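[1] Turn this into a structure:
(one chain, ligands or ions: 1)
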Amino acid sequence: LAIINDILDISRIEAGKMPLTVSEFAVRDLITEVLAEVEPIIARSRLSVTSHLPDDLPLIKTDRQKVKQIVINFLTNAIKFTAQGSVDIGVQHVKDTDFMLVSVADTGIGIAPADQERIFEDFRQADNSPTREYAGAGLGLAICRRLAGMLDGRIELTSDLGRGSTFTVRVPREVKRV
Ligand code: ADP
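    The predicted structure is shown next:
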């Protein structure tokens, strides 16, 4: 069902039929909601999952559901690819550009430099072999990339193989198009 929904998401975006629903909201509330939804997976993982948000974060005006979908994808991937250690969610408002950054950092398996671009392609996984030990269809990040683009933002990745990864979604604090 998850894979069918992913394919439907991509088809909808490609067809220009994915609506943009803009509202003003607090990123803090969104992160609280994400952590509550992912809690069963966090509990099973035995990882320490934390969040660090500055007190003076301004409200953001964009598509709440799309930001949430991206952060859930980052977080579930971070847990999936981290056997031990921690996952930390960070939020930052860049005042001079008025962009909002939401990052998910893990201490997991990391991603080799050669794979760091490729994993954003449709159906692409760092290990595409049929015996790979991690489930998934390789569509999550392809969807995240498209969703971030709809919000005039982008996804950034820094990673060290064997040490961990940080996925960041960077979006304008206020989306301009409607
Ligand atoms: P899926 O998780 O279904 O395979 P994604 O598009 O979400 O699809 O991720 C694509 C690939 O990127 C994953 O299969 C994995 O190889 C790599 N990846 C994503 N997130 C992480 C992470 N936090 N740590 C290591 N590898 C990751």
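[2] For the longest helix along the chain, what is the distance to the chain centroid?
    Across the chain, the longest stretch assigned as helix under DSSP state H is helix 27-45. Here the centre of helix 27-45 is set off from its chain's centre by 13 Å, with CA atoms, centre = their mean, to the nearest Å.
[3] Quickly run through the sheet partners of whichever helix or strand comes after that helix, with directions.
    Following helix 27-45 in sequence order, the next helix or strand is strand 48-52 (DSSP states H and E). Partners of strand 48-52 in the sheet, by DSSP bridges, are strand 86-94 (parallel).
[4] what's the following helix or strand after the strand it pairs with?
    Later in the chain than strand 86-94, the nearest helix or strand by DSSP H and E is strand 99-106.
[5] Could you list every helix and strand that that following strand packs against?
    helix 27-45, helix 64-80, strand 86-94, strand 164-172 (3 or more CB pairs under 8 Å, 6 or more residues apart in numbering; DSSP states H and E). (C-beta placed from N, C-alpha, C; glycine too.)
[6] export these to a markdown table and tack on mean neighbour count and mean pLDDT?
    Formatted as a markdown table, these follow (neighbours: other CB atoms under 10 Å; pLDDT from 0 to 100):
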| stretch | mean neighbour count | mean pLDDT |
| --- | --- | --- |
| helix 27-45 | 15 | 97 |
| helix 64-80 | 21 | 97 |
| strand 86-94 | 17 | 98 |
| strand 164-172 | 21 | 98 |
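[7] Adding distance to the ligand, write these out as a markdown table.
    Below are the helices and strands packed on strand 99-106 laid out as a markdown table (distance: least, CB to the nearest ligand atom, whole Å):
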| stretch | distance to the ligand |
| --- | --- |
| helix 27-45 | 13 |
| helix 64-80 | 3 |
| strand 86-94 | 9 |
| strand 164-172 | 4 |
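[8] closest to residue 4 out of these?
    If you check each of the helices and strands packed on strand 99-106 against residue 4 by CB to CB, helix 64-80 wins as the nearest, at 15.7 Å.
[9] what does that closest one rub up against?
    Helix 64-80 is contacted by residues 20-21, 23, 25, 27, 30-31, 33-34, 37-38, 41-42, 45, 47, 49, 60, 87, 89, 102, 104-106, 108, 134-136, 140-141, 143-144, 147-148, 150-151, 155, 165, 167, 169, 171 when judged by CB atoms under 8 Å, 6 or more residues apart in numbering.
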